[in-house]
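**Q** please work out how this folds:
(2 chains)
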Amino acid sequence: DAGVIQSPRHEVTEMGQEVTLRCKPISGHDYLFWYRQTMMRGLELLIYFNNNVPIDDSGMPEDRFSAKMPNASFSTLKIQPSEPRDSAVYFCASRLAGNEQFFGPGTRLTVL
Amino acid sequence: GDSVTQMEGPVTLSEEAFLTINCTYTATGYPSLFWYVQYPGEGLQLLLKATKADDKGSNKGFEATYRKETTSFHLEKGSVQVSDSAVYFCALLRGTSYGKLTFGQGTILTVHP
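**A** Below is the predicted model of the structure:
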């Protein structure tokens, strides 16, 4: 099993640009999560999906952030426009209900 | 709401020292409890878990016991190694049908030779 796949692994962009982060969950998993990790705020849950449906997006910081899950094998997190304070490591994770949650390797985003 | 509180860090130990990282929780019902570990530059990975009171989770020499009476799930290891240097997260899941894990703030462990 390839595990949770995230791309890109590193992204450097300039303020105001659109950023799209991608995630492929483990096949068969019905939950998908997006987290953000910074030194200041630690690990934060942004949004999660169950069977491709967004369940809780209360952690999404503002309207500049959006997430989609068009099918069971793909999700995106988009930031438009990006700001320097969005710099962080973004993790995707997936889980089958009642089982272990697996994290991807993360995308390190730097907004200049 | 649900919450998890970990001991403040960072924790610095010498190799072969005894490790304890405290974790207490607040939740309704009977949650499952987890310890996750994050090595530098990587995502979190499950270290151990316990699904009911008095269960002991163990893995790689680490242990934690689910104590309902004290709402605690402290992580212990008898002899740490340099390779154990990482960030450790305590987490709870309220029920198998419930969606999201609730994480503690994480504890940075550094082990010196």
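**Q** please report the distance of the residue nearest the centre of chain A from residue A:42.
**A** The centroid of chain A falls nearest to residue A:34 when counting by C-alpha atoms, centre = their mean (3.5 Å). To residue A:42, residue A:34 is 15 Å away according to C-beta to C-beta, to the nearest Å. Just so you know, the C-beta spots here come from the backbone N, C-alpha and C atoms, and that holds for glycine as well.
**Q** return the residues of chain B in contact with chain A.
**A** B:42-46, B:49, B:89, B:96-97, B:99-101, B:103, B:105-106 (C-beta under 8 Å from any C-beta of the partner chain).
**Q** if you set the cut-off to 7 Å instead, what comes out?
**A** Counting by C-beta under 7 Å from any C-beta of the partner chain, chain B comes close to chain A at B:42-46, B:89, B:96-97, B:99-101, B:103, B:105-106.
**Q** contacting residues around stretch A:20-33?
**A** A:1, A:3-7, A:45, A:48-51, A:69, A:73-78, A:90, A:92-97, A:102, A:104, A:107, B:99-100 (C-beta atoms under 7 Å, 6 or more residues apart in numbering or on different chains).
**Q** buried ones among these?
**A** Using 16 or more other C-beta atoms under 10 Å in any protein chain shown as the burial test, the contacts of stretch A:20-33 include A:4, A:6, A:45, A:48-50, A:69, A:73, A:75, A:77, A:90, A:92-95, A:102, A:104, A:107, B:99-100 as buried.
**Q** restricted to strands, list those.
**A** A:6, A:45, A:48-50, A:69, A:75, A:77, A:90, A:92-95, A:102, A:107 (DSSP state E).
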